[in-house]
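>>> Just need the structure, nothing else, for what follows:
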Amino acid sequence: MAKAIESLDWNIDAILELFSDIRGEFALILFNKSKNEIIFGRDRLGRRSLLISASSESFCLVSVGANGNLIELPADGIYHMNLNSDWSKIKRYNYPADTEVENHGNNELIFINNFDDSPLDVEKVLSNASEFTITVDAIPYSKKLPEHWNFQQNVSDTSTNQGEEIALVDELLNEAVSRRIKYRKGNIGILFSGGLDCSLVVYYAAKNVSDVIYLFSVAFGKSEKDFAACPDRKTAESSYLELCQVCPTVKLELVRINIFKDELEDKRRNHIRYLINPRVSVLDDSIGSALWFASSFPVELERCSVLLSGLGADELFCGYSQHRRIHDREGIGALGADVQNMIERIAERNCGRDDRVISDSGREYRMPFLDLDFISAISKIPISKRCNLKLDRGVGEKSLLREVAKSKGLVSISGLEKRAIQFGSRIAKMANGKQKGDFISRDLVS
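Predicted structure coming up:
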């Protein structure tokens with residue numbers, strides 16, 4: 001990649017065209033010393049973290065940091081800056097988008113700067129804040145849209161052949177998983193709740209490797225008996241047994257990670273909250289902490305270098321309760337718009353935070369369901385064929401994925417309902433007091 005960029009002689013249009021061909025996850029910073037210019041940005045879905053801060057005296061780009069003046073760089077384009085001039089002005093070459101995403105496409109980046117000893121204390125930050133603004137010169141995307149950037153959803157009611165759709169998902173998901181484990185050093189692990197999405201990832205990973213696959217199951221509790229009673233642990237145990245039967249040629253090892261409340265509080269206070277930064281919500285706290293414990297657990301004798309997850313399946317195949325509400329109230333057209341919006345804002349909802357907490361383990365996080373070719377192809381299947389929200393929970397949402405699982409012999413797994421990690425792992429019960437998901441977490445900022 002470095003040689004390819006060097007050969008382009010810092011031609012911005014050519015560099016942007018090169019980036020548009022990249023299917024994989026990236027966050028990058030390119031520095032041209034002779035021109036004193038930088039190009040930086042995240043991939044189309046923001047699957048890697050990149051944080052930015054600026055003041056009248058400094059400009060900073062990092063993948064992770066504890067400073068309270070950092071913000072997540074929006075995954076809305078590639079940025080270009082001349083360091084010889086005032087960095088209060090910057091260019092952004094926009095990614096195309098058909099839906100409105102909060103903080104995407106803004107004409108300004110606003111930074112609240114505070115250099116207090118407790119940068120994550122929101123009250124102190126606001127009371128001592130100074131503001132710095134970068135003006136963004138937005139340049140619209142003018143080239144032909146790459147097919148792998150086309151996330152427009154098919155909301156037609158076209159009659160299709162379910163057998164062909166199952167075969168297509170089977171082929172595409174196998175390719176997406178294979179791509180993410182083909183080049184690696186060491187074994188692979190999978191963030192494993194036992195649910196439909198991660199179990200399918202396990203199945204396709206088992207088709208493509210011959211060495212051990214680690215399935216990381218995390219549970220939180222106040223005593224030993226809490227761990228076995230944890231909903232995700234129960235599901236992980238049963239799904240593990242079914243996968244062992246269906247995939248007998250590969251060794252699957254269920255890694256049971258049990259976290260007591262005092263360990264959670266200690267690690268979160270002294271380490272995890274700095275990885276979650278600049279996110280501060282209760283939901284970010286719960287998910288980020290659960291992912292950190294699941295991903296950082298060591299395995300004896302073996303090196304586990306790559307972690308896979310099922311992130312993206314709920315967005316594409318309508319697995320959230322929000323999808324059912326929108327479908328029932330507003331119809332299939334509104335559902336299609338919401339599915340596309342979820343994909344286009346997944347950087348802000350999940351990817352940046354998840355990348356920071358998981359990468360802290362030294363393992364690389366890869367998401368087969370967020371493969372760009374997979375998303376583009378699945379988006380062409382009518383939504384009404386990917387889900388049937390007239391049916392009950394555990395049947396109607398992600399109905400096409402459920403049929404794929406059945407076709408592979410994962411019959412019990414195919415009937416499992418969606419369960420959020422914060423509830424399934426019981427980490428939400430460890431919170432200090434009742435707090436709604438979008439509230440600022442007292443455990444992160446105190």
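
>>> I'd assumed Leu28 was in a strand, is it?
Yes: with DSSP: H, G, I helix; E, B strand; the rest coil as the criterion, Leu28 is located in a strand.

>>> List the residues that contact it.
39-41 (Cβ atoms under 8 Å, 6 or more residues apart in numbering). For glycine as for every other residue, the C-beta is placed from the backbone atoms N, C-alpha and C.

>>> and if you look at Glu165?
Taking Cβ under 8 Å, 6+ apart as the test, what Glu165 contacts is 381, 385, 400.

>>> ok, Leu73 - contacts?
Per Cβ under 8 Å, 6+ apart, neighbours of Leu73: 40-42, 50-52, 61, 79.

>>> Please apply the same query to Asp338.
322-323, 326.

>>> With distance to Asp392, neighbour count and pLDDT added, can I get those residues in a markdown table?
Below are these laid out as a markdown table (distance: Cβ to Cβ, whole Å; neighbours: other Cβ atoms under 10 Å; pLDDT from 0 to 100):
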| residue | distance to Asp392 | neighbour count | pLDDT |
| --- | --- | --- | --- |
| Gln322 | 17 | 13 | 94 |
| His323 | 14 | 23 | 96 |
| Ile326 | 18 | 21 | 96 |
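
>>> Present the residues you listed as TSV; the columns should include secondary structure and distance to Leu215.
Output for the contacts of Asp338, formatted as TSV (DSSP: H, G, I helix; E, B strand; the rest coil; distance: Cβ to Cβ, whole Å):
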residue	secondary structure	distance to Leu215
Gln322	helix	28
His323	helix	27
Ile326	helix	33
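
>>> Now do Glu328: how many residues are near it, please.
For residue 328 the amino acid is Asp, not Glu. Using other Cβ atoms under 10 Å, Asp328 is surrounded by 11 other residues.

>>> pretty sure it contacts Leu389?
Yes: under the criterion of Cβ atoms under 8 Å, Asp328 makes contact with Leu389 at 7.2 Å.

>>> quick one, strands of the stretch 251-400 of the chain?
Along the stretch 251-400 of the chain, counting by DSSP state E, counting those that start in this stretch, strands occupy 252-260, 304-308, 364-366.

>>> Out of the ones you listed, which is closest to Asp137?
strand 364-366 (32.7 Å; Cβ to Cβ).

>>> With just CA atoms, put stretch 393-407 into PDB.
Presented in PDB, the C-alpha positions along stretch 393-407 are these (Å, rounded to 0.1, in the frame of the first residue of the first chain):
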ATOM      1  CA  ARG A 393     -39.800 -13.200  18.000                       C
ATOM      2  CA  GLY A 394     -37.200 -15.800  17.500                       C
ATOM      3  CA  VAL A 395     -38.700 -16.700  14.200                       C
ATOM      4  CA  GLY A 396     -39.500 -13.600  12.100                       C
ATOM      5  CA  GLU A 397     -36.400 -11.400  12.600                       C
ATOM      6  CA  LYS A 398     -33.300 -12.600  10.600                       C
ATOM      7  CA  SER A 399     -35.500 -15.400   9.200                       C
ATOM      8  CA  LEU A 400     -33.200 -15.900   6.200                       C
ATOM      9  CA  LEU A 401     -30.200 -16.300   8.500                       C
ATOM     10  CA  ARG A 402     -32.200 -18.800  10.500                       C
ATOM     11  CA  GLU A 403     -32.900 -20.800   7.400                       C
ATOM     12  CA  VAL A 404     -29.100 -20.800   6.600                       C
ATOM     13  CA  ALA A 405     -28.400 -22.100  10.100                       C
ATOM     14  CA  LYS A 406     -31.000 -24.900   9.700                       C
ATOM     15  CA  SER A 407     -29.500 -25.900   6.300                       C
END
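
>>> how about the helices of the stretch 251-400 of the chain, start to end?
261-267, 273-276, 282-296, 313-317, 321-330, 332-344, 346, 352-359, 372-379, 383-386, 399-407 (DSSP state H, counting those that start in this stretch).

>>> can you put those helices in a markdown table and add distance to Asn67?
Converted to a markdown table, these look like this (distance: least, Cβ to Cβ, whole Å):
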| stretch | distance to Asn67 |
| --- | --- |
| helix 261-267 | 20 |
| helix 273-276 | 9 |
| helix 282-296 | 17 |
| helix 313-317 | 31 |
| helix 321-330 | 33 |
| helix 332-344 | 28 |
| helix 346 | 25 |
| helix 352-359 | 14 |
| helix 372-379 | 32 |
| helix 383-386 | 42 |
| helix 399-407 | 41 |
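
>>> hmm, back to that, who wins for most neighbours among the contacts of Leu28?
Ranked by neighbours (other Cβ under 10 Å), the contacts of Leu28 are led by Gly41, which has 25 neighbours.

>>> give the contact list for that one.
19, 27-28, 50, 73, 75, 77-79.

>>> For it, give me the pLDDT.
pLDDT for Gly41: 97.

>>> just checking, it is part of a strand?
Yes: the assignment for Gly41 (three-state DSSP) places it in a strand.

>>> What distance do you get for it to Arg353?
18 Å (Cβ to Cβ, to the nearest Å).

>>> Using JSON lines, please lay out the contacts of Glu165 together with neighbour count.
Shown next, in JSON lines, are the contacts of Glu165 (neighbours: other Cβ atoms under 10 Å):
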{"residue": "Ile381", "neighbour count": "20"}
{"residue": "Lys385", "neighbour count": "18"}
{"residue": "Leu400", "neighbour count": "22"}
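
>>> can I get those residues in TSV with pLDDT and distance to Arg419?
Compiled in TSV, the contacts of Glu165 are given as follows (pLDDT from 0 to 100; distance: Cβ to Cβ, whole Å):
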residue	pLDDT	distance to Arg419
Ile381	96	25
Lys385	95	24
Leu400	97	20
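
>>> from the residues you listed, which is closest to Asn32?
Ile381 (43.0 Å).

>>> which ones are touching the closest one?
154, 160, 165, 168, 400.

>>> The fourth one contacts Lys380, doesn't it?
To tie it back to what came earlier, the one meant is Leu168. No: checked against Cβ under 8 Å, the pair Leu168 and Lys380 is beyond contact range at 9.4 Å.

>>> okay, the two: which has more neighbours?
Neighbours per residue (other Cβ under 10 Å) separate Leu168 from Lys380, with Leu168 holding more: 17 against 11.

>>> For the more buried one, which non-adjacent residue is closest in space?
Excluding the flanking residues, the one nearest Leu168 by Cβ to Cβ, 6 or more residues apart in numbering is Ala377, at 7.0 Å.
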